[in-house]
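**Student:** This is a predicted model, with the sequence first.
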Amino acid sequence: MRELGDAERRVRLARRHGLAPGHRLPDPVAVTRAMTVLHATELASVHLALHARIDGLAVADVEAALYDDRALVKQLAMRRTLFVFPRELLPAAWGSASARVATQLAARLVKEVEGAGIATDGAAWLQAARAAVLERLSGGQELSAQQLREEVPELAGRLDLAPGKSYGANVPVAPRVLTQLGVEGALVRGRNDGHWRTSRPRWTRMDTWLGEVPAALKADEGYAELVARWLAGFGPGTAADLQWWLGGTATAVRAALTAVGAVEVALEDGSTGFVLPDDVAAEPADDLGPEPWAALLPVLDPTVMGWKDRAFFLGPHGAAVFDSNGNAGTTAWWAGRVVGCWVQDPDGVVHVDLLEELPAAGREALAVEAERLTSWLGGTVVNTVYPSPAMKAARARIAALQER
């Protein structure tokens, strides 16, 4: 069994994820294909993840790929998370990861609707609401969630979620129906009515958005395609990594690994990883430049979120970089490892906050990346609902300095 150590894994990450400056990628579609998908829970993360991997990116380039060319499409899929997919990969998700989530969400929504007294037959109610929304959006209509809620009577009603709990909430049922139709691939989050850092989508039918909707793959075929794409960009990875990333079952992962002919490799921590059959050869490391590379990645970046076991690049910094729910904050990278985070001050200037000592070359390279990102943002301050402990501490230090 070939041994594939942590240092080589970091070289693969630098090159395949377009992070090392000499290996940045040409456009948003190329980046998304390289990463399999981009996390889109926060829309700003999509733009920032692309900027980190593309020289000379303009916001208009991202908007064109998402809303004009529609080569990139938002789709709820693995782990009930919203992603940006390359258009050609949608059928794989619809038949596998998205289908699994759709079944789970529909069962929960039916139960909640019945519990809230909105309908005695939650399944029939959901079917009627689904049909009403699709009818209202026929003919190419694009409407916000608020507009649909006001114009479709079947979407009336509210749900009490987790009553009696500190995190409980009373919410309208309409967004839940739209989410259900979205994960099923019947609707899509189309053009954004907000700033690029704020998600305010207009909903429209998938057949309107794509023109021609391809058929979903069978579940086993869909999982195999997703696993093949993931291994190409993230391999080697363990079966546990894949099961976590897919939000699937161990059985589905084993079947997909067999279907793609995955080859076992020995990882540095003693576990068994997998690579594609044509990806066993050693990764050359002589073209990453004369110095180790630096990068600044956003909240929920696909590289940081790509594995369950991240020790080979995260080291001891997991508790500082991730919140208690497993959401990654911003990260600063040097020589293939996470060494800190970044935040902005009120003027939009990017500041790197280190979690360990670095040589002068590392600090200087990260300063260059901070200036590059500050310039690109042009004073725009990007907020997040997922600040990591490291980000909170960095912001507090900046605030204290400004008060002096």
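**Tutor:** Good, I have the coordinates. Numbering: from 1, shown residues only.
**Student:** Figure out how far the strand or helix carrying Q147 is from the centre of its chain.
**Tutor:** When elements are defined using DSSP states H and E, Q147 is found to belong to helix 145-151. The gap between where helix 145-151 is centred and where its chain is centred comes out at 27 Å by C-alpha atoms, centre = their mean, to the nearest Å.
**Student:** Return the list of helices and strands in contact with it.
**Tutor:** helix 122-136, helix 174-183, strand 201-205 (3 or more C-beta pairs under 8 Å, 6 or more residues apart in numbering; DSSP states H and E). Bear in mind the C-beta positions are built from the backbone N, C-alpha and C, glycine included.
**Student:** so L242 sits right up against A224, yeah?
**Tutor:** No: if you go by C-beta atoms under 8 Å, L242 and A224 don't touch, sitting 11.4 Å apart.
**Student:** So which of these two has more stuff around it?
**Tutor:** Each of L242 and A224 had its neighbours counted (other C-beta atoms under 10 Å), and the higher figure belongs to L242 (27 against 21).
**Student:** Mind listing what's buried along stretch 352-366?
**Tutor:** By neighbour count on 16 or more other C-beta atoms under 10 Å, the buried set for stretch 352-366 is V352, D353, L354, L355, L358, G362, R363, A365, L366.
**Student:** Mutual contacts of L242 and A224, please.
**Tutor:** Both L242 and A224 are contacted by A256, under the criterion C-beta atoms under 8 Å, 6 or more residues apart in numbering.
**Student:** hang on, the earlier thing: mind checking which of the buried residues of stretch 352-366 land in helices?
**Tutor:** Counting by DSSP state H, the part of the buried residues of stretch 352-366 found in helices is G362, R363, A365, L366.
**Student:** Reformat the residues you listed as CSV; add pLDDT and distance to Q104.
**Tutor:** Below are these laid out as CSV (pLDDT from 0 to 100; distance: C-beta to C-beta, whole Å):
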residue, pLDDT, distance to Q104
G362, 96, 44
R363, 97, 46
A365, 96, 44
L366, 98, 41
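**Student:** Any chance of a markdown table for the residues you listed, columns distance to R15?
**Tutor:** As requested, these are arranged in a markdown table below (distance: C-beta to C-beta, whole Å):
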| residue | distance to R15 |
| --- | --- |
| G362 | 19 |
| R363 | 24 |
| A365 | 17 |
| L366 | 20 |
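**Student:** of these, closest to A294?
**Tutor:** Of all these, A294 sits closest to A365, with 3.6 Å by C-beta to C-beta.
**Student:** can you pull the contacts of that closest one?
**Tutor:** Under the criterion of C-beta under 8 Å, 6+ apart, the contact partners of A365 comprise E291, P292, W293, A294, W334.
**Student:** Considering the residues you listed, which possesses the most neighbours?
**Tutor:** Neighbour counts for those were taken using other C-beta under 10 Å; the highest belongs to A294, with 26 neighbours.
**Student:** Bridged to that residue, which residues?
**Tutor:** With DSSP bridges as the criterion, the beta-bridge partners of A294 are W334.
**Student:** quick one: contacts of the longest strand anywhere in the chain?
**Tutor:** In the chain, assigned by DSSP state E, the strand with the most residues is strand 337-344. Residues from elsewhere that reach strand 337-344 (C-beta under 8 Å, 6+ apart): 10, 296, 304, 313-315, 317, 320-321, 329-333, 350-356, 358, 362, 366, 370, 373, 377, 381-382, 388, 390-391, 394-395, 398.
**Student:** ok, now stretch 212-227?
**Tutor:** If you take C-beta under 8 Å, 6+ apart as the criterion, stretch 212-227 is touched by 36, 78, 89-97, 99, 185, 206-207, 242, 246, 248, 252-253, 255-257, 259-260, 262.
**Student:** among those, which are in helices?
**Tutor:** Among those, DSSP H puts 90-95, 97, 99, 206-207, 242, 246, 252-253, 255-257, 259 in helices.
**Student:** Using PyMOL, define a selection of the buried residues within those residues.
**Tutor:** Selection of the buried residues among the ones in helices among the contacts of stretch 212-227 in PyMOL, burial being defined by 16+ other C-beta under 10 Å:
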select buried, resi 90+91+92+93+94+95+97+99+206+207+242+246+252+253+255+256+257
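**Student:** Low-confidence regions, the protein specifically.
**Tutor:** The model of the chain has pLDDT under 70 over residues 287-290.
**Student:** quick check: domain ranges of it?
**Tutor:** 97-210, 294-403 (automatic domain parsing).
**Student:** which one of those lies closest to F85?
**Tutor:** Each of those was scored for nearness to F85 using C-beta to C-beta, and the closest is domain 97-210 (9.7 Å).
**Student:** got the end-to-end distance for that closest one?
**Tutor:** Using C-alpha to C-alpha, to the nearest Å, the end-to-end distance of domain 97-210 comes to 20 Å.
**Student:** so how far is it from its chain's centroid?
**Tutor:** On the basis of C-alpha atoms, centre = their mean, domain 97-210 is displaced by 21 Å from the centre of the chain it belongs to.
**Student:** Likewise for stretch 236-245?
**Tutor:** Here stretch 236-245 shows a centroid-to-chain-centroid distance of 16 Å under the convention C-alpha atoms, centre = their mean.
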